[in-house]
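Asker: Quick check, what structure comes out for this input:
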Amino acid sequence: MSTRENMLELTHHHANGHRSESIRMNTGDAVTQTFGADVFNERVMRQRLPKDVFKQLQRTIKHAEPLDHELADIVAAAMKDWAIEHGATHYTHWFQPLTGTTAEKHDAFLVPDGTGGALSEFSGSALVQGEPDASSFPSGGLRATFEARGYTAWDPTSPVFLNRAGGGVTLCIPTAFVSWTGVALDHKTPLLRSMDAISEQAMRILKIFGTDQGVTRVMCTAGAEQEYFLIDQRYYFERPDLLACDRTLFGAKPPKHQQLEDHYFGSIPQRVIAFMVESERELYRLGVPVKTRHNEVAPGQFELAPIFETANLACDHQMIVMETLKKVANRHGLQCILHEKPFAGINGSGKHLNWSMSTDTGVNLLDPRDDTHTNMQFLVCLCAVIRAVDLHGDLLRASVASANNDHRLGANEAPPAIMSIFLGDMLTDIIEQIESGSPKSTMKGGKLDLGARTLPQLPRHTGDRNRTSPFAFTGNKFEFRAVGSSQSVAWPATVLNTIVAESLDYLATQLEKAIGSNPTEAKLQAAVKSLLQKTVKQHKRVIFNGDGYDQAWHNEAEKKRKLPNLRNSVDALPVLTDKKNIELFKKYGVLNKVETESREHIYIEKYNKQVLIEAETASLMARTLVLPAAIRQQTEIAESVAATKAAGGDVKSLKAELDEFTDLVSQLRTKIAKLDKSIDTEIPDEHKKSRHLHDNVLGAMGELRSVVDQLETRVSQDLWPLPGYREMLSIR
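Answerer: Numbers count the residues shown, from 1 in each chain. Next up, the predicted model:
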């Protein structure tokens, strides 16, 4: 066996550098031996495919060249043999419909041979195209119930992998999902289109600066940090709200939660570390490059973070991460909760989307380098992002809108709903220099002396970080912090790609006009200086480095800077179908008009359904669990009053307690009735229904919760029917 075969090679676009690097790890290590073992990756393809087929397929994967369908049969045969050797009996087209989860239909490799036996079969056509039923997935009016035909199309840029579950092995083929008419019914198709759009416009920028030599494509790179909660599974099954809604609809705040700030980055509990280790091993087998794990702020809350990858692959891997966390948690008697706000009064969970642009030769276009003020290409790309967020902040906000995220976004542990950009001291200084004329210097970070001889001097960054910013520059990438923890990152990434593509298009057009057909260095420098200054002056209102939670900032953002503040999903989602947004998606071939309209319809309808499920669950729990417990407690107090009175004792304090408790029980009945009445309101129009649900039903749920949470602190523990926060947030 050659030296090369004894090593695993991974290529990723790292967050800490501008070059694409190969990570070589010795396969003598037990963990590295399994990395990518269940993935039909480049290493496996090189071994199993004819040389010319391998090269053609790699050109499709790496340079977005059209796929040669004549290769499909050869590739399919190699995939089938590899999968069967690893124990696979079935294959599936794995896709991401607009439900926010993944979907799959399994088919066996074995088919009857006509003589009483069976043979394995997997053709190129079966690899390239599948046909799941499209009628029951959300389509936003794109398909009627009787119009069932839909197609899945193989995405060769995302590696095929094996799913081991239930004692079986299934070959999973990442695919796009479209209807019989060709409209996109999934998250992957528009994401791939948006990646093509940003590549085309970014290549124009590279050509202007003469840095396009050897570059065939600019890729969006991404890495999504995943926050999640773990609770003991027995408590999960005792909570109807967690089962139905993935969040607690009732729950009194315990005496100790996160006040002492002792959970954040604390020692990871043994039971949790065992879960993390097994999750990471499963993810390593699937080629998912997870790197970081730690305790998060709230008790029972944790985080996992990956290494940067091409955006499409990162989005697929993110879906695998969520599925794996849930699956492995069950084996440890735990339940993984991905909801943005499963517990009131403590921190919720987000999914920070780290985003950048990189050439296929490994150059990160958002790496400022040492002398940033001289890096004109970087400054153009930076200003493109600033302009994009300023012009399309409403659309970016809408991309993370959901009933779940409304409970978190804008609260004191999550970025506000106002889309602003944090640049840090160094870049802000350069932006100010650009506005006033020409940038002449780059702020340096220097060294940090810790005052002890045994401690090293640390290199100091040129600026601090800002956890209150929804969109922050963090060294050589932007971190979109407003994405929800249960959300697919594909849709926010699609929107981000599209709005930046539009700004790159605008800036490239202006520069091309300015330098003309006979460009010179002097012309280019003058054109860039003028355009950057104009862009900064027009769009600097979106830059804010201060405290995003401060009410003074909210007032300034809305009144002085005129930035949109779409506080909830009911306000945010309708902007998807604003004329400018429909035209934006259409211009860059990401979504046509009906595809855009369908998404608004789907997301509003999902909001309505989620709120109604929660409201009906709250009413049912209050009526059948909480009220009976409260009545039993009321009866016990009344019996105590009667017994004390019969014994000749003083019942004044007991009578007062009974009166107070009786009033709470009466309030409970009233609040249940109010919620039921608000639920029963019939409103056929989905937009009007969402407004009613937000303004009335959520308010009634809040009032009911307030009474229930008071009762939880008054009812005897042996009578209270639900596990409390104190139990659920402590993993033992």
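Asker: list the helices and strands the longest strand anywhere in the chain packs on?
Answerer: Ranked by residue count, the top strand of the chain under DSSP state E comes out as strand 168-179. Contact here means 3 or more Cβ pairs under 8 Å, 6 or more residues apart in numbering; DSSP states H and E; on that basis strand 168-179 packs against helix 72-85, strand 90-94, strand 150-154, strand 160-165, helix 188-209. C-beta coordinates here come from the backbone N, C-alpha and C atoms, glycine included.
Asker: Restrict it to CA atoms and write it as CSV.
Answerer: The C-alpha trace of strand 168-179 is given here as CSV (Å, rounded to 0.1, in the frame of the first residue of the first chain):
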residue,chain,number,x,y,z
GLY,A,168,-29.4,-1.5,7.9
VAL,A,169,-27.3,0.6,5.6
THR,A,170,-28.7,2.9,2.9
LEU,A,171,-26.8,4.7,0.2
CYS,A,172,-27.9,8.4,0.4
ILE,A,173,-27.6,10.5,-2.8
PRO,A,174,-27.9,14.3,-2.1
THR,A,175,-30.3,15.8,-4.7
ALA,A,176,-32.2,18.8,-5.7
PHE,A,177,-36.0,18.6,-5.7
VAL,A,178,-38.2,20.2,-8.4
SER,A,179,-41.7,19.7,-9.7
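Asker: what about stretch 277-296, how long is it end to end?
Answerer: 17 Å (Cα to Cα, to the nearest Å).
Asker: Name the residues of it that are buried.
Answerer: Using 16 or more other Cβ atoms under 10 Å as the test for burial, stretch 277-296 gives 278-290, 293, 295-296.
Asker: Kindly provide the distance from K327 to E309.
Answerer: Separation of K327 from E309 (Cβ to Cβ, to the nearest Å) stands at 22 Å.
Asker: Among the helices and strands packed on strand 168-179, which comes closest to G114?
Answerer: Among the helices and strands packed on strand 168-179, helix 72-85 comes nearest to G114, with 19.9 Å by Cβ to Cβ.
Asker: buried ones in the closest one?
Answerer: 72-80, 82-84.
Asker: Show me the shaky parts of this protein.
Answerer: 1-33, 113, 118, 134-135, 142-148, 411-412, 445-451, 453-465 (pLDDT under 70).
Asker: Taking the centroid of it, which residue is nearest it?
Answerer: For the chain, the residue nearest the mean C-alpha position is V489 (3.7 Å; Cα atoms, centre = their mean).
Asker: For K327 and E309, indicate the residue with more neighbours.
Answerer: Comparing K327 with E309 by other Cβ atoms under 10 Å, the one with more neighbours is E309, at 25 against 15.
Asker: so that one bridges to which residues?
Answerer: Counting by DSSP bridges, E309 forms beta bridges with A222.
Asker: just to revisit the earlier point, count of residues packed around the closest residue in space to the residue nearest to the centre of the chain that isn't next to it in sequence?
Answerer: Leaving aside its chain neighbours, V489 sits nearest to A224 (4.7 Å; criterion: Cβ to Cβ, 6 or more residues apart in numbering). Residues near A224, counting by other Cβ under 10 Å, number 29.
Asker: OK, contacts around A224?
Answerer: Contacts for A224 (Cβ atoms under 8 Å, 6 or more residues apart in numbering) come out as 306, 314-315, 318, 351-354, 483, 489.
Asker: what do you get for A126?
Answerer: A126 sits next to 76, 91, 107 when contact means Cβ under 8 Å, 6+ apart.
Asker: A202: which of those is nearest?
Answerer: Distances from A202 to the contacts of A126, taken as Cβ to Cβ, are shortest for A76 (33.8 Å).
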